[in-house]
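>>> output the structure for:
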Amino acid sequence: MNKRNVCKEIPLAEITLRKYERPSDLSKRDLIRKLCLSIGLLQPGDSRDIIVDVFLILFNSEKPLSSEKIQENVINYRKENNLSLTGIASSNIRRQIKRLKDIFLIEKNENGYRINEGEELINIYEQKIEKFYLNEINTRVKEYFRVLKK
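Sure thing, here's the model as predicted:
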């Protein structure tokens, strides 16, 4: 039997961007859901949307929250709004927190997790994602194009 070597390419960074209709007359949760869809944190048609509520809880919080407090608040929010309790395991909540942290939207300090530097989300996007993260990805993609040109 012939075994083929399969090379698994692991990206150093990645982001998905999608364009949706202009935001209008949406609840805060729906706005965050569209934002998560727009930046690839949520896939279209995905019913597993716990990341929306994790982000919403952090967005609405005036102070840093521990992962346990985030989980507690997410469970309460989902119960109050008759949403499925699928995905509320602490391991999944921590995974969603990590995803938000990896894309620079939130940070951890000694008191817990919060929106990065307590900053406005648009400023985080422009400074950390657009100017830094996207620029780094774009620069590397251009390197591949230049090398292929030779």
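>>> and stretch 97-104, average pLDDT?
The predicted model gives stretch 97-104 an average pLDDT of 96.
>>> and what of stretch 60-68?
For stretch 60-68, the per-residue pLDDT values average out at 96.
>>> same check on stretch 21-34?
Per-residue pLDDT values across stretch 21-34 average out to 95.
>>> hmm, who's touching it?
Contacts to stretch 21-34, defined as Cβ atoms under 8 Å, 6 or more residues apart in numbering, come from residues 20, 42, 49, 52-53, 55-56, 59-60, 81. Every residue, glycine included, has its C-beta placed from N, CA and C.
>>> spit out the contact partners of residue 52.
Under the criterion of Cβ under 8 Å, 6+ apart, the contact list for residue 52 reads 29, 32-33, 36, 42.
>>> tabulate the contacts of stretch 21-34 (TSV), appending secondary structure and distance to residue 114.
Output for the contacts of stretch 21-34, formatted as TSV (DSSP: H, G, I helix; E, B strand; the rest coil; distance: Cβ to Cβ, whole Å):
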residue	secondary structure	distance to residue 114
20	coil	27
42	coil	21
49	coil	21
52	helix	18
53	helix	16
55	helix	12
56	helix	14
59	helix	10
60	helix	11
81	coil	23
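>>> same list (those) but as JSON lines, adding distance to residue 125.
As requested, the contacts of stretch 21-34 are exported to JSON lines (distance: Cβ to Cβ, whole Å):
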{"residue": "20", "distance to residue 125": "15"}
{"residue": "42", "distance to residue 125": "16"}
{"residue": "49", "distance to residue 125": "20"}
{"residue": "52", "distance to residue 125": "17"}
{"residue": "53", "distance to residue 125": "20"}
{"residue": "55", "distance to residue 125": "13"}
{"residue": "56", "distance to residue 125": "17"}
{"residue": "59", "distance to residue 125": "13"}
{"residue": "60", "distance to residue 125": "18"}
{"residue": "81", "distance to residue 125": "26"}
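>>> so how do I select the buried members of those in PyMOL?
Paste this into PyMOL to select the buried members of these, with burial taken from 16 or more other Cβ atoms under 10 Å:
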select buried, resi 42+49+52+53+55+56+59
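>>> looking at the contacts of stretch 21-34, spot the one nearest residue 9.
Distance ranking of those against residue 9, using Cβ to Cβ, places residue 42 first at 23.6 Å.
>>> could you measure from the closest one over to residue 10?
22 Å (Cβ to Cβ, to the nearest Å).
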